[in-house]
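Below are the sequence and a predicted model for it; my questions follow.
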Amino acid sequence: MSNEALFNNAVMDDLNIMTVNSVIAAKNLKKTFVQGKFSVPVLKGISFNVSAGQSHAIIGSSGAGKSTLMHLLGGLDTVSEGEVKVMGQSIAGLSEKKLGQLRNKHLGFIYQFHHLLPEFSALENIAMPLLIGGLNKKKAHALATDWLSQVGLDHRGDHKPGELSGGERQRVALARALVGSPDCLLADEPTGNLDSTTAKQMLDLMLDLNQGLNTALVVVTHDMNIANKMQNQWRMNDGLLQRVNE
């Protein structure tokens, strides 16, 4: 049997069990952007399965569609064709309220730029997803305080983002993404705006939390040093996702 046939069989095996133990399961995802008279196909049929505790790296050139895929997996954009399930539930057709609740409960997000709210302290930023989810302020702040300690910033809780370094802001963003104990963390170039030392610290922290909490981790990166730390590596090329390592 050819290597291509073996790969296709492995993909189908993953898809056959995706409703059993998947955190995120995507089947035949396609995304086309329409610009005036022109249609631009970005994703051309991607199937991707993420189980609890797994770590995945998605690499590829700029404009290859990596961030588009992440947005679809996280329910931040709608597919042109195909299906995404989060914890076994299809996200197609969900109201904005229901989709927001699903993301808040099961998914955490972190980006190259921290997207912290500048008028709130580090502690308040971390507590925000819990408050939005309906937890009372006292419990939310207690959990946020614990996460400040886990990312090494227990002494910076009262500081606003403008008073923190770039690395500190990213660690606050990571704590915010994880404070609700999500089943999967989606990270889009999370170290791309950091110096090499701070980037390594951030990566080590994400991997420690991934392994310690059994939280699935999907990282979009252009850095092979980061990709090589993940269990599974994928390359986005011409709208398709190809396995790099075995």
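That came through fine.

Where does pLDDT dip in the protein?
1-20, 246 (pLDDT under 70).

center of it, which residue is that?
The centroid of the chain falls nearest to residue 186 when counting by CA atoms, centre = their mean (0.4 Å).

what sits up against the helix or strand containing it?
Element membership for residue 186, per DSSP states H and E: strand 184-188. Here strand 184-188 makes contact (CB atoms under 8 Å, 6 or more residues apart in numbering) with 23-24, 50, 66-67, 70, 73-74, 106-112, 177-178, 206, 209-210, 215-220. Quick note: C-beta positions are derived from backbone N, CA and C, even for glycine.

hmm, try it at 6 Å
Residues outside strand 184-188 that contact it (CB atoms under 6 Å, 6 or more residues apart in numbering): 23-24, 67, 70, 74, 107-111, 177, 215-220.

cool, and stretch 225-239?
43-44, 54-60, 64-66, 203, 221, 241-242, 244-245.

ok, of these, which come out buried?
Buried members of the contacts of stretch 225-239, scored by 16 or more other CB atoms under 10 Å, are 43-44, 54-60, 64-66, 203, 221, 241.

which one among those residues gets closest to residue 156?
Taking CB to CB as the measure, residue 156 sits nearest to residue 203 out of these, at 20.4 Å.

Direction included, what does the strand holding residue 186 pair against?
strand 107-111 (parallel), strand 216-220 (parallel) (DSSP bridges).

export those to CSV and tack on distance to residue 169 and mean neighbour count?
Listed next are those as CSV, based on distance: least, CB to CB, whole Å; neighbours: other CB atoms under 10 Å:
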stretch, distance to residue 169, mean neighbour count
strand 107-111, 11, 23
strand 216-220, 18, 25
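
Looking at the ones you listed, which is nearest to residue 35?
strand 216-220 (23.1 Å).

Now do that closest one: everything it contacts.
By CB under 6 Å, 6+ apart, strand 216-220 touches 23, 50, 52, 54-58, 66, 70, 184-189, 210.
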